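Trainee: based on what follows, work out the 3D shape:
(2 chains)
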Amino acid sequence: MRLEKLPADYAKRLSALECPAFTTTPWVAGKPLDQRRVAIVSSAGLTVRGDRVFRGRDADYRTIPSTTQANDLLCSHISINFDRNGFQEDWNVVFPLDRLNELAVQGRIGSVAATHYSFMGATDPVQMVEGAVDVAGRLKADHVDAVLLTSV
Amino acid sequence: MSALGHHLEEAGIATVAIALIRPQAENTRPPRALWVPFELGRPIGPPSDPAFQRRVILGALGMLVEGGGPVRIADFPDDDPREGPDRNWQAPPSIRPNPAPRAGAGAALAETVEAELRALAPAYAASCTRRERSTVGLSGLAPAACGEYLAVWLRGERPASPVGDMSPGLALRFALDDLKAYALEAALSPGSRPSSRQLGDWLWKDTALGAAVQALRRDFLAGDDDRLKQLAFFFVPALRVPPAG
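Mentor: Here you go, the predicted model:
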C-alpha cells in the first residue's frame, strides 16, 4: 500500500500499529525453488465453507486443503478496512492456489502443500504463538519447506 | 503476519511474507518480506491477471533462495494496473433513497433495501454462474434472509438471532458482510474491470443497502446499548464514514 495515497491521519494509524518485538532473527536457508514444497499461510481470516468462521479476534487457525474449490473459500476477517472486491472477483488475489499449482506444473517450484492455513490477522500476535507452533508441526509433517505468508 | 513468519522460521521452515504496510514489516523485522504497493486486501495484486500475480509470487518466493538476511525487506516495483477506473463499467440496478435519511433508520428504508436486493438478484445469479463462485455465506443465511434480518433491525426491532450459534449482533455483522458481497458481486458485470473505488462509490453512494448500513451505524452509535455501539464500528469502512458520522 502506498500510504501517501491515504488520508494522513489514517496512514499514520496504520504505520503506528503495535508490532511484536523479537530478540532473535531466525533465518532458514534451503534448496533451490524448483525443489521446494510451498504452502500458503494467510492472515485474512479465510475459512472453508462449512467450517467455523472466525468470530472477532479468534486466535486459532483454519485448515484449507489443496483440493478446496474457489467457491468454497470465504473471508471472515473482522476488519472492514480492506478491499474485498479483488477477492470476490478472483480468489488468487488473497489465496493464490491456482498460481502455485501452475508454477508447480511449470517446474518453477517443486510442489504445492496438501494443506494451507489461515489465521485472523487482527488478533494479538502473542495469542497466535500456540497456533503458529501447531501449524509448523503440520507443515513439517507435510514436508513443506517454503511458506508464502499473505496478509490483507 | 510477519510475526507468524518469525515463529515458523524459528521452527525451521523458510518463510517470505508479502507485506502491504511497509512500516509494520520494518517494525516486526521478519526473516524476509516483499513489500507490495497494492491497496489493502490485494496482497497478490490485480484480480484476473495471472501473469502479474505470478510475478508477485515469484518475486516473493525468489527471496527464499537469496542471501542478505536475516531480515530482508524488498520492494515490488509495479503498481496495480487495476487501480484505475473502467469507464465502460455499468453499475447494476440500485435504488438510491431519495431523500437520503438523515437521522435514524426506518420502515421505508427497510422496504427500499428489500426491493433493491430483489432487483439485484438476476445480476447476482448471473455473476455467480459466470464466475462459478460466490463469497456470500458467512452468516449461513441466504441473501434474501439476510435482507429480511437487516430490515427487522432497520424497523427498530431487536430480533432474536436467526443463526443458532450466533448472537443477534454477530449474525447481523455477518449478514451485512454477506449483503455487501451480494451487491458487489452483482456489480461484476461481464467483460468489465471496475476498480475497487468505482465499486465502493456505487455501494456507498448509490445504493439503498449502503444508505441502510450507514443509517444502522448512526442509529447504533447514537443509542445506549454498548454492545451495539461496538458492533457499529464493523459496518462501514473508515474511509466511507461521512465526516459528521
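Trainee: hey, let's count contacts and neighbours off CA atoms from now on
Mentor: Will do.
Trainee: mind checking the longest helix of chain A?
Mentor: Counting residues, the longest helix found in chain A (DSSP state H) is helix A:129-141.
Trainee: buried sites along that helix?
Mentor: A:129, A:131-133, A:135-137, A:139 (16 or more other C-alpha atoms under 10 Å in any protein chain shown).
Trainee: and residue B:68, how far is that from chain A?
Mentor: According to C-alpha to the nearest C-alpha, to the nearest Å, residue B:68 stands 10 Å off from chain A.
Trainee: what's the neighbour count on that residue?
Mentor: Look at residue B:68: counted by other C-alpha atoms under 10 Å in any protein chain shown, it has 10 neighbours.
Trainee: what does residue B:129 give?
Mentor: 11.
Trainee: for it, give me its contacts.
Mentor: Neighbour list for residue B:129: empty [criterion: C-alpha atoms under 8 Å, 6 or more residues apart in numbering or on different chains].
Trainee: in the chain, which spans are strands?
Mentor: The chain I'm using is chain A. Ranges of strands within chain A are A:37-42, A:46-48, A:62-65, A:73-75, A:111-112, A:115-118, A:146-150, based on DSSP state E.
Trainee: that was the other one, I meant chain B.
Mentor: With DSSP E, the ranges of strands along chain B come out as B:15-19, B:32-35, B:72-75.
Trainee: so does the longest helix of chain A get close to chain B?
Mentor: Yes - against chain B, helix A:129-141 shows contacts by C-alpha under 8 Å from any C-alpha of the partner chain at A:129, A:132-133, A:136, A:140.
Trainee: can you add distance to residue A:152 and pLDDT and give the residues you listed back as TSV?
Mentor: Below are these laid out as TSV (distance: C-alpha to C-alpha, whole Å; pLDDT from 0 to 100):
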residue	distance to residue A:152	pLDDT
A:129	20	89
A:132	18	93
A:133	22	94
A:136	21	97
A:140	25	98
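Trainee: out of those residues, which two sit at the greatest distance?
Mentor: Pairwise distances across the residues of helix A:129-141 next to chain B peak at 16.6 Å for A:129 and A:140 (criterion: C-alpha to C-alpha).
Trainee: hmm, back to that, redo the strands of chain A as JSON lines? Include mean pLDDT, distance to chain B and mean neighbour count.
Mentor: What follows is those, written out as JSON lines (pLDDT from 0 to 100; distance: least, C-alpha to the nearest C-alpha, whole Å; neighbours: other C-alpha atoms under 10 Å in any protein chain shown):
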{"stretch": "strand A:37-42", "mean pLDDT": "98", "distance to chain B": "8", "mean neighbour count": "26"}
{"stretch": "strand A:46-48", "mean pLDDT": "98", "distance to chain B": "9", "mean neighbour count": "23"}
{"stretch": "strand A:62-65", "mean pLDDT": "98", "distance to chain B": "14", "mean neighbour count": "18"}
{"stretch": "strand A:73-75", "mean pLDDT": "98", "distance to chain B": "6", "mean neighbour count": "24"}
{"stretch": "strand A:111-112", "mean pLDDT": "98", "distance to chain B": "13", "mean neighbour count": "22"}
{"stretch": "strand A:115-118", "mean pLDDT": "98", "distance to chain B": "10", "mean neighbour count": "23"}
{"stretch": "strand A:146-150", "mean pLDDT": "97", "distance to chain B": "4", "mean neighbour count": "26"}
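Trainee: CSV for those strands, including distance to residue B:31?
Mentor: Shown next, in CSV, are the strands of chain A (distance: least, C-alpha to C-alpha, whole Å):
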stretch, distance to residue B:31
strand A:37-42, 15
strand A:46-48, 24
strand A:62-65, 24
strand A:73-75, 27
strand A:111-112, 21
strand A:115-118, 19
strand A:146-150, 11
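Trainee: between those, which gets nearest to residue A:8?
Mentor: strand A:146-150 (25.2 Å).
Trainee: next, the angle from that closest one to strand B:15-19.
Mentor: 20 degrees (axes from the mean of the first three to the mean of the last three C-alpha atoms, to 10 degrees).
Trainee: what does strand A:146-150 rub up against?
Mentor: Contacts of strand A:146-150 (C-alpha under 8 Å, 6+ apart): A:36-44, A:94-95, B:1-2, B:5, B:13-19, B:43, B:60-61, B:64.
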